[in-house]
Structure formats: structure tokens, C-alpha cells
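[1] Sequence plus the predicted model coming up.
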2 protein chains.
Amino acid sequence: MPRNDGNKAAVAQGGGRLGQRQLARQPSIKDIARLAKVSHPTVSRALQGSPLVNAQTAAKIRKIAEDTGYRASAVARGLVTRRTRSIGLVVTTVDDPFASEVACGIEQAANDFGYAVYLANSNADPQRERRVVQALAERRVDGIIVTSSRVGAEYLPMLAELDVPMVLVNDQYPGAFVHSVKIANPEGSRMAAEHLIALGHRRIAYIGDRSGYQSDTERLEGYRDALTRAGIAFAPELAVQGDGRPEGAGDAVRTLLALKDPPTAICCYNDMTALGAMRALGERGLRIPDDVSVTGFDDLFFAAYLEPALTTIRQPMRHMGQLAMDNLFKLLSGEVAVAQIKVDAELIVRASTGPVRAQGRGNRRG
Amino acid sequence: MPRNDGNKAAVAQGGGRLGQRQLARQPSIKDIARLAKVSHPTVSRALQGSPLVNAQTAAKIRKIAEDTGYRASAVARGLVTRRTRSIGLVVTTVDDPFASEVACGIEQAANDFGYAVYLANSNADPQRERRVVQALAERRVDGIIVTSSRVGAEYLPMLAELDVPMVLVNDQYPGAFVHSVKIANPEGSRMAAEHLIALGHRRIAYIGDRSGYQSDTERLEGYRDALTRAGIAFAPELAVQGDGRPEGAGDAVRTLLALKDPPTAICCYNDMTALGAMRALGERGLRIPDDVSVTGFDDLFFAAYLEPALTTIRQPMRHMGQLAMDNLFKLLSGEVAVAQIKVDAELIVRASTGPVRAQGRGNRRG
DNA sequence: TTGTAGGCGTTATCAT
DNA sequence: ATGATAACGCCTACAA
């Protein structure tokens, strides 16, 4: 005797026939319910592993779900639970090695907790950064992580107004108002400069980022601090600007070499800057470290492979990403989160730094 | 005379009071509706810029939405429209320079079209790749892009079963079943080898990736093709395996240098391999290109900054990402999409390659 | 142990 | 031009 279990429900025509062309629709919890001859909530419970459901029926339901290729809709779930289990990650650009390493750590940690991560590039454009953050908010991410945010301080209120938990990584705000993870900039930079001083250098230059960003300010500060402690007067002409990338460093180096009394060592804002500096130095026929020593900051993967290998300050980027994610989780779960996490920098001595040459000032050719 | 516009609707207590602590709830379309004294659908229409709504009321609604900090819920919208306007991007790891450049192009294109991108690392672990793709499907992404997928072919059915439009970038499947964007591997590799041959080299080695991946097979093929055309016999001992990373290249180089008749030039599977090869060569006191010439593949950003700068085959990575995204959009909109997009490779000659030395075979020290 | 009855915040389909 | 009303797919009471 054929049952008439609601055969007017033509809406569910996609239920049993899989492998056809499934243009129809993904199976829903109701489809499974009908097939298993139970109600939807029971299916929901079974699939969530609730102990309240009979082991037999649970097994049957799981079997059907499996066969039918059922995959719960995270969007429907998100609508009712009001939590999407997703976070937004805003970077200036993903192809920046620093950002991508941090992103790696974040993705790893997020994935381990069942969170998905939306990736958004701001291209260092404040207007675009604003837009992507808005978009993230519309998607109802549970939290946001922003690395090396370059937006102006006037934009902070908007972030605050969003009422989305947020963690910044190496943010550029003088007085960060939110949770953040950042490297010990002054200390790291000081270590680099002290290393150079220990090697006998006294004419030490600093090639910075574009001005106005806090990390640059802090690293310059660490550099100056080292000089002061060593009793070396700060020479303004030796502190020049770059742009955080190889290109800008080239110009900076040319400026430095044009000085009456050029430096015997250069502290670079970061490894990218060091990359450009080394290249420009080489183009002038100067040898590293024989003629000029160079230090970087970050310890990007290629630093160890340069010729000569770059002496630099290591940032545990992947780890910093994890810390940011862990902290964000605390924020999400209502636990007390650490407002400011400061990560130790580490000096990695390689071949790009060496003792200053005797009477080694100013000689341009080896 | 005070109106009693439904003051029992205590649910909407979060409507007007902003800037307090808004723990309550994000304002919904209904909150706006009540404030504007219209129905929700009208608000929906107004906010979408429908011409069907009175300009005055539309303006009023928009004003209220603005003041109240309203942001439409993409998750609710996704539930009803069945389109999330999001895509999933699966990479082996984001901190791989190739992947991150491609990701950059994808993110850019997606963002321009109002799409968001979920980032997922597979860590080259097939099991994990399976998991992340499942997770992406649960999130109801409209499409998926996978770069350098390393999963076995047996896994393809699952991807197909997902019924989610998919585009692969430089996939490793022999007979790709889906849409893909890939570089001209054989041609590119052949160009590198021919460049070396033109410089007089005849003992040319090839350091590959781990075996089994198609791009490696194709690049090896291009290398052999160049040899054949030049009438040079293929020497099996000169084709060794690396692992696509600097580490593996070191071992490979040591193997090659132990040969009776070592190579005077090395074609590397990619730039990362070349990085390791150059380093290993340098450790042995060999000079590049005087003693050994080296070529890479990819033209990652650091290639131009190596010492010597690396001669390599350029892949327009960012552009390939855009092409993949464009193609995916076609798939999504039902347009006919190109099944296989093949991108031209370009030889970039720099300083790591030079003419073979007269009687230059086998001399280990410069 | 299971089913019934909402409701999450939108859009879509009807009316009016 | 606007308003009811009904989905979308899931979860969470509450009832049985």
C-alpha cells in the first residue's frame, strides 16, 4: 500500500535523484527528513551529534545525509545563530611577504577552530580600506584582523562604531585603542644598530619608510637610542627616507653615498628596503660587508638566500598571526583578552655585516 | 497628541539609540521601516535604489539607515537569493610568493565586482584540501578557484560532485576536467634551455620538482625538446629532482657537482629552486655565471634582486589570477567560458646566465 | 526521544 | 507607489 506522504510537496523534487545534473538545489534538512521519515529538527539534532536522538535513527539520518551529498548551509545557520564563524583579514596587499606570512598563521589558527577567513586587500588606500571593512561588516564576520593598517587616525571612530571585535597586527597608530599584536620595534632596531656599533661602525645610516608611520618612528628611535648609548652623535643627514620597498631604498642609498662622509653601515627599515639598498650599493661597485654593512628587519624568507646573506631582525610573523587569532578568539568568547601583545625581536647575524675597515671611511671602490 | 505606534514592539529597543554600547543587535530592515513608518519591503526597495519608490520616502529611508548605522546583512540576503557573492580561493599556502601574487590578482578582480573571497590553505595536504573545499561548499560560495592543486586525481570526482563552478590555476592534473588557466610550461622551459644553448652550453642540467606533478613533467619536456632540436643527447644523470623549494635544490646541486662531467648550466623548475641552487653553487666556490649558468621559472619579485640577478621565465601571476576570476564570473553568469586558457611565458634575461667557458667543463674553482 | 511552531533578516510575489 | 505574505534553510524553545 503506497503511502501518500505529502506528494503535493513538489518543491522537494530534487531529493532522491543525485548524480543527474543536480541543477535543482542542494538537499536541505527537510529533504533528509522526508527521506528518513522524521522531522527536520530531528535531522538537525542528529547531524549535530545531539545525544537526545536515538542512535539508530541518528545513524540512518547520517547515512542518508552522506548518500545524498547533504552539506549544511552555513549561511542559514549564520542567520539564526547570529554567528558566522568567519573572520575578516585586511592586509595592504597579500603579495607582501610580511602580510602573507602573517596571513598564513592566521588562516592556520582560524581553520583549526572551524573559522573561515575572508581576505581583503586595502592596497594601502584608506578609502578602499574603509570599503572593505564595511563589506566585511555586512557579511557579519565575527571579528576582524587588520595588519599594518595605514589608514589615518580619523578613521578609527568608524572601526569602533562597527562594534566588531578587532585585533591589529603591527598597527601604525600612536595610541592604539584596540587590541593589537606588535613586534618590539625600538628594541629590535636598537639591537641591529648595537650590533653594527660592536663591529666598530660609527657612521651608521638609517633608511626609513615613508614618514608618519609608527613602526618607522619606533625603529628610528631604537637606532638613535643605540647611538646615544654608545656616545655617538646623531647625524641628521644619515637618517633618510625610503618607501619600505626596494625602489625607494635605491634613491636613499644614492643620497647617502653623495655625502661628504658616507656611512660605513646602513640600518634598513625592513628587508625589502635592505634588498634595494644592497642592489644600489652593488651598482656603485661597493662590496658588502667589506665596504658597507647592511641590516634589515623582518627576516623574510629570502634574507638567508641573498648574497651576502642578510643580517636582520626577525619577526616571528606566522606566530604573530596566531597570537592575533588567539586573542580574537578570546574576544569572541568573552574572555579577557590581552590588550597589547608585544613580541620579542631577535637579531639574526649573517654575512651582510662585518667589522668596519681601518680608515675605511669614504672609499668608494674596493 | 502622542501616537502609539506599536509600543509593545519591545524587540526593537535598539532602534534609535546609537553610540551607547550597542550590545543589542544590529538594526534590521524592520527597525528602519518602523522608524520611517513604512513597510520592510519598501525599505528594501529604497535601499536597493529601486525606481518604484517615491523619491521623498526613499530619501527619508536612506537618511534613517545612515543615521542608524544600518548595514544590510549579506547572510540573510544570501539565504534568499541563493547567491553569496563570495568565492573560495584554495592555495597550498599563502606565504608562497607565487600563490600570493595570484591571490592578489584574484582578490582585486573579485573585489571590483563586489565579491568577497574566502582564503583557505591546503598545506599541500590532500586530506586538508578536501576538508577546506567541503567547508567552502558549506559556506555556499558561488565558485572556487584552486591554485597548484596537489591532490590526487582520485579526488576529482568530489570536486565535480560539489556542483560549484571551479577554475584551476596551474593545476597538476594530466587531463584537466574543468576550466583552468595555466602557463605555457613546455614552451617556457624550452625558451630557457634554448637561451642556454645559444650561449654555448651543452652540458645542461634540469632540477625538477618532486615527480608526479604535471607542471614539472611539462617543464622537463620543454627542456628535453630544446636539447633534441639542438642535437644534444639527453643525459639522464643531468635531470635530477628537487622539491620546488631552496632546500631540495641544494641536495640536487651537490648530486650534479659530484658527476664526472658536471653541467655548465642548470635549468631550474622554478625560482625557489634556483635560489637554493645558486646558494649551493656559491658554497662550493663556483661563480655564477662564470662557472655555471642558472635559470629559474616564475620571475618572483626577488629574482631581479639576487646577486647575480636571475635569468628566468616570467609568469604573469597577477594577471593569471585575474583571468581565472574573469573566467569564473563567466561561469557564474552562464556565459560560455573558455575551458583552458593558456598564458604565454616570457624569457627574462638577466645576469645569472652567460657564455660557456672555453674548455669550461668540470673546473670546480674559479 | 521526537514533533510543532516560530523566527533569524532579507528578497520576491502578489495584491492594492 | 506601497503593503501583506511567503519563502530561503536552519536552530531553539516548547510540547507531546
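    On my side now, so go ahead.
[2] which residues touch residue A:221?
    Listed by Cβ atoms under 8 Å, 6 or more residues apart in numbering or on different chains, the contact partners of residue A:221 are A:185, A:186, A:189. Backbone N, C-alpha and C define where each C-beta goes, glycine included.
[3] Residue of the stretch 201-350 of chain A closest to chain B, please.
    For the stretch 201-350 of chain A, the residue positioned closest to chain B under Cβ to the nearest Cβ is residue A:307, at a distance of 4.1 Å.
[4] Thought residue B:305 was touching that residue, still the case?
    No - the pair residue A:307 / residue B:305 is not scored as a contact, 10.2 Å apart, by Cβ atoms under 8 Å.
[5] now the strand or helix carrying residue A:119, how far from the centre of its chain.
    Using DSSP states H and E, residue A:119 sits within strand A:116-121. Taking Cα atoms, centre = their mean, to the nearest Å, the mean C-alpha location of strand A:116-121 is offset from the chain mean by 11 Å.
[6] do the same with stretch A:127-138
    Here the centre of mass of C-alpha atoms in stretch A:127-138, compared against the chain's by Cα atoms, centre = their mean, lies 17 Å away.
[7] Stretch A:296-303 too?
    Taking the mean C-alpha point of stretch A:296-303 and that of its whole chain, the gap between them comes to 15 Å (Cα atoms, centre = their mean).
[8] What's the end-to-end length of that stretch?
    From its first residue to its last, stretch A:296-303 covers 9 Å (Cα to Cα, to the nearest Å).
[9] Is that stretch in proximity to chain B?
    Yes - in this structure, stretch A:296-303 sits against chain B according to Cβ under 8 Å from any Cβ of the partner chain; the contacting residues are A:301, A:302.
[10] what does that stretch contact?
    By Cβ under 8 Å, 6+ apart, the residues outside stretch A:296-303 that reach it are A:97-98, A:101, A:188-189, A:192, A:219, A:268-275, A:309-315, A:317, A:348, A:350, A:352, B:95, B:275, B:302.
[11] in the stretch 1-150 of chain A, which spans are helices?
    Remark: helices assigned in the stretch 1-150 of chain A by DSSP state H, counting those that start in this stretch are A:29-36, A:40-47, A:55-68, A:74-81, A:97-112, A:126-138.
[12] tell me the angle of the first one relative to helix A:40-47?
    Using axes from the mean of the first three to the mean of the last three Cα atoms, to 10 degrees, one finds that helix A:29-36 and helix A:40-47 are set 90 degrees apart in direction.
[13] what's the spacing between helix A:29-36 and its chain's center?
    43 Å.
[14] Tell me the one of the contacts of residue A:221 nearest DNA strand D?
    Proximity to DNA strand D was ranked across the contacts of residue A:221 by Cβ to the nearest atom of the strand; first place goes to residue A:185, at 43.6 Å.
[15] thinking again about what came up before, could you tell me which of the contacts of stretch A:296-303 belong to strands?
    Under the assignment DSSP state E, these contribute A:268, A:312, A:313, A:314, A:348 to strands.
[16] As CSV, those residues with neighbour count would be great.
    Putting those into CSV (neighbours: other Cβ atoms under 10 Å in any protein chain shown) gives the following:
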residue, neighbour count
A:268, 34
A:312, 30
A:313, 29
A:314, 18
A:348, 18
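[17] what about whichever strand or helix holds residue A:251 and chain B, touching?
    When secondary structure is defined by DSSP H and E, residue A:251 falls within helix A:246-257. Yes - between helix A:246-257 and chain B, judged by Cβ under 8 Å from any Cβ, the touching residues are residue A:246.
[18] Restricting to C-alpha, output that helix in CSV.
    Below are the C-alpha coordinates for helix A:246-257, written out as CSV (Å, rounded to 0.1, in the frame of the first residue of the first chain):
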residue,chain,number,x,y,z
PRO,A,246,63.4,48.2,-2.8
GLU,A,247,62.8,51.1,-5.2
GLY,A,248,62.8,53.7,-2.6
ALA,A,249,65.9,52.3,-1.0
GLY,A,250,67.9,52.9,-4.2
ASP,A,251,67.3,56.6,-4.1
ALA,A,252,68.1,56.7,-0.4
VAL,A,253,71.4,55.0,-0.9
ARG,A,254,72.4,57.3,-3.7
THR,A,255,71.7,60.2,-1.4
LEU,A,256,73.9,58.7,1.3
LEU,A,257,76.7,58.0,-1.0
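[19] Taking the stretch 251-366 of chain A, what residue is nearest to DNA strand C?
    At 18.0 Å from DNA strand C, residue A:332 is the closest residue in the stretch 251-366 of chain A, using Cβ to the nearest atom of the strand.
[20] what's around that residue, how many residues?
    When counting by other Cβ atoms under 10 Å in any protein chain shown, one arrives at 17 neighbours for residue A:332.
[21] Excluding chain neighbours, give the residue nearest to residue A:73 in space.
    Closest residue in space to residue A:73, ignoring its immediate chain neighbours: residue B:140 at 5.9 Å, by Cβ to Cβ, 6 or more residues apart in numbering or on different chains.
[22] can you check residue A:354 too?
    Using Cβ to Cβ, 6+ apart, the nearest residue to residue A:354 is residue A:289, at 3.5 Å.
[23] The one you found is in contact with residue A:353, isn't it?
    Yes - the criterion here is Cβ under 8 Å, and residue A:289 meets it with residue A:353 at 5.3 Å.
[24] Would you mind listing what in chain A touches DNA strand C?
    A:37-42, A:45, A:51-54, A:57-58, A:76, A:79-80, A:82 (Cβ under 7 Å from any atom of the strand).
[25] near DNA strand D, from the residues you listed?
    When the residues of chain A next to DNA strand C are checked against DNA strand D using Cβ under 7 Å from any atom of the strand, the ones in range are A:40, A:41, A:45, A:76, A:79, A:80.
[26] now those in a markdown table, with pLDDT and neighbour count?
    Formatted as a markdown table, the entries for those read as follows, by pLDDT from 0 to 100; neighbours: other Cβ atoms under 10 Å in any protein chain shown:
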| residue | pLDDT | neighbour count |
| --- | --- | --- |
| A:40 | 94 | 14 |
| A:41 | 94 | 12 |
| A:45 | 94 | 18 |
| A:76 | 97 | 16 |
| A:79 | 96 | 18 |
| A:80 | 96 | 9 |
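[27] quick check, the strand holding residue A:119 touching chain B?
    Yes - counting by Cβ under 8 Å from any Cβ, chain B has neighbours in strand A:116-121: A:116, A:117, A:118, A:119, A:120, A:121.
[28] Let me have those in TSV, adding pLDDT and distance to DNA strand D as columns.
    What follows is the residues of strand A:116-121 next to chain B, written out as TSV (pLDDT from 0 to 100; distance: Cβ to the nearest atom of the strand, whole Å):
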residue	pLDDT	distance to DNA strand D
A:116	98	15
A:117	98	21
A:118	98	20
A:119	98	25
A:120	96	26
A:121	94	31
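[29] Pipe those into a markdown table and attach distance to residue A:90 and neighbour count per row.
    As requested, those are arranged in a markdown table below (distance: Cβ to Cβ, whole Å; neighbours: other Cβ atoms under 10 Å in any protein chain shown):
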| residue | distance to residue A:90 | neighbour count |
| --- | --- | --- |
| A:116 | 15 | 24 |
| A:117 | 11 | 23 |
| A:118 | 9 | 21 |
| A:119 | 8 | 26 |
| A:120 | 5 | 25 |
| A:121 | 8 | 25 |
